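Participant: what follows is a predicted protein model with its sequence.
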Amino acid sequence: MKKTRLERPFYSRPTLVVARELLGKYLIIGNQIGQIIETEAYLGPEDRASHARFKSRKRNYLMFGQAGIAYVYFTYGMYHMLNIITEKEGQPGAVLIRALKPIQNIDGDTSGPGKLTRTLNITKLQNGLDVTQNSLYLEKWEDISNAVVLTTPRIGIDYAGADKNNPWRFLIKS
DNA sequence: ACCCCGATCGTA
DNA sequence: ACGATCGGGGTT
């Protein structure tokens, strides 16, 4: 299949659509490649689990900006989380990359959101990076059929009230 | 200055 | 299911 970098129009769509369609895509960092096998959608201010429920501040301001930008934040005192911003500019949203299947030059565990950033050395240095213009980017690959996609509630957001039940986690069945 | 929380992870 | 862990955001 032809390799094609995902461009801004791909990301400038509703967050749930982007989260679903990122399944199966290749995440590329230099010579390292991993296939995205798990994502979560974080929506706008109405989503009580999303960082967009807060006013735009130092940590979360990227969520309110242009799509196709990497949003990397630090949590639990030890983990970085990799997200890609979605939606039209001014409308907040992001997709959390939660797990990768190693494809090339990946030496380490990429089976969780904290583990994959650790393995790939993704830190706040990549926060704000435009993935349509950089050596960290995503590539079109095989399409994943609905038959092998599983949706569940999101992980680690028990504080989010009714929003904790929304089935906004997407996985490829293995 | 201080307090408290967390988009996790490893172990059980 | 639960505890470890600790940076940093929000507030004082």
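Facilitator: Great, that's in hand.
Participant: ok and the residue in chain A nearest DNA strand C?
Facilitator: Nearest residue of chain A to DNA strand C, counting by Cβ to the nearest atom of the strand: A:Gly77, 2.0 Å away. C-betas here are computed from N, CA, C, even on glycine.
Participant: what segments of chain A are helices?
Facilitator: A:8-11, A:15-21, A:113-119 (DSSP state H).
Participant: closest to A:Trp141 out of those?
Facilitator: helix A:15-21 (11.1 Å; Cβ to Cβ).
Participant: who's in contact with the closest one?
Facilitator: A:10-11, A:39-43, A:84, A:86-87, A:93-95, A:149, A:168, A:170 (Cβ atoms under 8 Å, 6 or more residues apart in numbering).
Participant: sorry, back to before: relative to A:Pro153, which of the helices of chain A is closest?
Facilitator: Going by Cβ to Cβ, the one of those nearest A:Pro153 is helix A:15-21, 13.4 Å.
Participant: about what we covered before: neighbours around the residue of chain A closest to DNA strand C, how many?
Facilitator: 5 (other Cβ atoms under 10 Å).
Participant: same question for A:Leu82.
Facilitator: Neighbours of A:Leu82 (other Cβ under 10 Å): 25.
Participant: surely it and A:Pro113 touch.
Facilitator: Yes: applying Cβ atoms under 8 Å, one finds A:Leu82 in contact with A:Pro113, separated by 7.1 Å.
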